[in-house]
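[1] here is a sequence together with a model predicted from it:
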Amino acid sequence: MRRGSASIAANPVLIGAATTLVVLVAVFLAYNANSGLPFVPTYELRADIPNAANLVVGNDVRIGGTRVGTVSAIDPVVRRNGAVAARLTLKLDTTIKPLPVDSTVLVRPRSALGLKYVEITKGTSSKGFDDGDTVPLRNAKPQPVEIDEVLNTFDAKTRRAAQVNLLNFGNALAGRGADLNTFINEVNPLLVNLVPVMRNLSDPRTRLPQFFQALERGARIVAPVAQTQADLFANLDTTFSALSDVSDDIRSSIRGGPAALDAAIKGFPVQRPFLANSEALFRELKPGVHALRKTSGDLADAFEVGTPALKRSVALNKRLSSSFLALQRFAEDPLTTLGVRDLHNLANILNPTLADLRPVQTVCNYITLWFRNVSSLLSEGDKNGTWQRFIVVAAPSGPNNEGGPASAPANGPGPNYLHTNPLPNTPGGGRTNECEAGNEPWLPGRSVIGNVPGNQGTNHDVTTRDVNK
């Protein structure tokens, strides 16, 4: 009798072994599911990012929300400037190979519980990364903002300010439901007109993003002087509080401002030549004013003494008005011109004579002495009459002396000699400065007729108000 072939289903040992193998394979596949299925080819890249940000091995890599790989390793790297970054090893599906070199990498939150994933935004470059290449750190953009950073902005001061704002806004809106309804009803025209405004603002030609960037730079620049600006506003509050006391005067000046501006528009062009001439005048006066520093004391005394005189000059000017009117009539008289012309001719004729007489007075004082002596001759005296000032000179004794009648010239012999000089030397006309009259010396034993030899100098009598005392 033949024995039939045995069935595997009749063998419990084989069934148990097969079941155990299937379970082990399933467990192995489930355990390595995040790392990719075995024997499946992958596209491996490394990517440098500033911060792994709670990313763990096995997190997804997504493109457009679709899973295209996993993170197989996270390692720290030290950059050239000493900063520490993170390097991710990514196992990607070969369907996205090669990834364009201008693609960006960003770590994003998958849920509020802290689960993360790597988001890749594919670029448009025709050149791609080869298997094993490293995505540079410059491709890790934009800078991610973590939920804890957002929550950290709500510190104690911010929370308190939010509470105050909520309370104040609540109080401001309380009981104003009808006003809010009116606002909502009237806001529709605003929104209609707002559409073209927003369209213009969104136009790239407005460069609105650059405007906010400039504002950011400006805020960063003025940040170091924030306290100074705060003090400025506090001081402005003090200033405006003081100005509130004269608010009526300020309003009056503002009301009168347009008229003043109109007058300035009309007047300043006319005043411009005057101002230009004044500027030139002050520029020319600058050296003189600089020289006045040495005489400032004398000028101060002059102003102090002159102030009372100027006060009294008002009345004097009033009394002089008739005199000036008479001078005006005299100046407008046609005969005056003839007289002035004759005086001019007289001055031209007398000019040589006066030029010759000038040193006679300025050097020898002869003219003043002549008038003094004439005045003395006519005014000084006693009850018997007036006389000319003189000095007694005793005539020498001897025959034919000058003290009495003589039968011959007094030319000696003996002590009696003739001394006379009808034309003494005087300065002027190109002659040497010499005041010979009154300075001739007595020459014993000689008869002198004419000028004494030599220069007799410029000594002369001084005429002052004290001479006759």
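    In hand now; what should we look at?
[2] may I have the phi/psi pair for Pro100?
    Pro100 adopts backbone torsions of phi -60, psi 150, taken as degrees, to the nearest 10.
[3] that one reaches Asp133, doesn't it?
    No: using C-beta atoms under 8 Å, Pro100 is not in contact with Asp133; the gap is 11.8 Å. Just so you know, the C-beta spots here come from the backbone N, C-alpha and C atoms, and that holds for glycine as well.
[4] what's the following helix or strand after the helix or strand hosting Ser321?
    Using DSSP states H and E, the element containing Ser321 is helix 296-332. For helix 296-332, the following helix or strand on the C-terminal side (DSSP H and E) is helix 334-362.
[5] gap between whichever helix in the chain runs longest and the chain center?
    Identified as the longest helix of the chain according to DSSP state H is helix 247-291. Its chain's C-alpha centre and that of helix 247-291 lie 21 Å apart, by C-alpha atoms, centre = their mean, to the nearest Å.
[6] what helices or strands is that helix leaning on?
    Here helix 247-291 touches no other helix or strand, going by 3 or more C-beta pairs under 8 Å, 6 or more residues apart in numbering; DSSP states H and E.
[7] mean confidence (pLDDT) on that helix, please.
    Averaged over helix 247-291, pLDDT sits at 87.
[8] what do you get for stretch 51-58?
    Taken as a whole, stretch 51-58 carries a mean pLDDT of 84.
[9] where does Gln213 land in three-state SS?
    helix (DSSP: H, G, I helix; E, B strand; the rest coil).
[10] just give the number of residues close to it.
    Gln213: 11 surrounding residues under other C-beta atoms under 10 Å.
[11] hang on, the earlier thing: and the helix holding Ser321 with helix 334-362, angle?
    Comparing the axes of helix 296-332 and helix 334-362 via axes from the mean of the first three to the mean of the last three C-alpha atoms, to 10 degrees yields an angle of 140 degrees.
[12] start at 615, not 1
    Renumbered: residue one is now 615, and that last one reads helix 910-946.
[13] could you report the separation of Asn799 from Leu805?
    Per C-beta to C-beta, to the nearest Å, Asn799 is found 12 Å from Leu805.
[14] and the helix holding Ser935, what does it pack against?
    Applying 3+ C-beta pairs under 8 Å, 6+ apart, we find helix 910-946 packed against no helix or strand.
[15] ok now the helix or strand containing Arg701, how far from the chain's centre?
    Using DSSP H and E, Arg701 falls within strand 698-706. Once both centres are worked out by C-alpha atoms, centre = their mean, strand 698-706 turns out to sit 56 Å from its chain's centre.
[16] what residues sit buried inside that strand?
    Buried residues in strand 698-706, counted by 16 or more other C-beta atoms under 10 Å: 699-706.
[17] distance to Gly1071 and pLDDT for the residues you listed - can I get that in CSV?
    Listed next are the buried residues of strand 698-706 as CSV, based on distance: C-beta to C-beta, whole Å; pLDDT from 0 to 100:
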residue, distance to Gly1071, pLDDT
Ala699, 109, 88
Ala700, 114, 89
Arg701, 115, 91
Leu702, 119, 91
Thr703, 122, 91
Leu704, 122, 90
Lys705, 128, 91
Leu706, 126, 89
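[18] which one of those is nearest to Gly953?
    Ala699 (109.2 Å; C-beta to C-beta).
[19] quick check, that closest one in contact with Leu751.
    Yes: counting by C-beta under 8 Å, Ala699 does reach Leu751; the two are 6.0 Å apart.
[20] touching both of these two, which residues are there?
    The contact sets of Ala699 and Leu751 overlap at 662-664, 693 (C-beta atoms under 8 Å, 6 or more residues apart in numbering).
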